[in-house]
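Visitor: starting from these lines, generate the structure:
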Amino acid sequence: MTLPGLGPARDPQQAALVKRWVVEALGPCDDRTVMVTELACSEPGCPPVETVIALLAPGRQDQVKIHKALADVTSADVGALLRSHANPTD
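Guide: Below you'll find the predicted structure:
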């Protein structure tokens, strides 16, 4: 499944690693799907590429962004992002 405006990740191995970090940070959940992709950002002041993490659960859809290319995202970035995002698909 592809969400509007999202395309496939350019580096599937790095996307899988980021997804693993998200699942580890949030804890396992059978009803949640995590999708990770990289996309171009055209908003003023935005870096040219950002990583988007989509968190999908029944009746809920959240997207959070890390303003870095997928290849540059670290587990610390994911942890900080999820701590600052209130209750992502809990």
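Visitor: what's the neighbour count on the nearest residue to residue 38 once chain neighbours are set aside?
Guide: In this structure, residue 38 finds its nearest non-sequential neighbour in residue 70, 4.1 Å apart by Cβ to Cβ, 6 or more residues apart in numbering. No exception for glycine: its C-beta is placed from N, CA and C like everyone else's. Applying other Cβ atoms under 10 Å, we find 22 residues neighbouring residue 70.
Visitor: for residue 70, give me the pLDDT.
Guide: Note on residue 70: pLDDT of 94.
Visitor: what's the spacing between it and residue 32?
Guide: 20 Å (Cβ to Cβ, to the nearest Å).
Visitor: now do residue 68
Guide: 23 Å.
Visitor: those two: who's more crowded?
Guide: Taking other Cβ under 10 Å, residue 68 and residue 32 do not tie; residue 32 has more neighbours (18 against 15).
Visitor: quick check, residue 19 in a helix?
Guide: Yes - the assignment for residue 19 is a helix, going by DSSP: H, G, I helix; E, B strand; the rest coil.
Visitor: that one: how many residues sit nearby?
Guide: One way to gauge burial is a neighbour count; for residue 19, by other Cβ under 10 Å, it gives 17.
Visitor: next up, the contacts around it.
Guide: Residue 19 makes contacts with 34-36, as judged by Cβ atoms under 8 Å, 6 or more residues apart in numbering.
Visitor: quick check, nearest of those to residue 53?
Guide: Using Cβ to Cβ, residue 36 is the member of the contacts of residue 19 that sits closest to residue 53, with 5.5 Å.
Visitor: which residues are contacting the helix or strand where residue 62 lies?
Guide: Assigned by DSSP states H and E, residue 62 belongs to strand 60-66. By Cβ under 8 Å, 6+ apart, the residues outside strand 60-66 that reach it are 3, 50-56, 73, 77-78, 81-82, 85, 88-89.
Visitor: element containing the residue sitting nearest the centre point of the chain?
Guide: The structure's the chain has its C-alpha centroid closest to residue 53; by Cα atoms, centre = their mean the separation is 1.5 Å. When elements are assigned from DSSP H and E, residue 53 belongs to strand 49-57.
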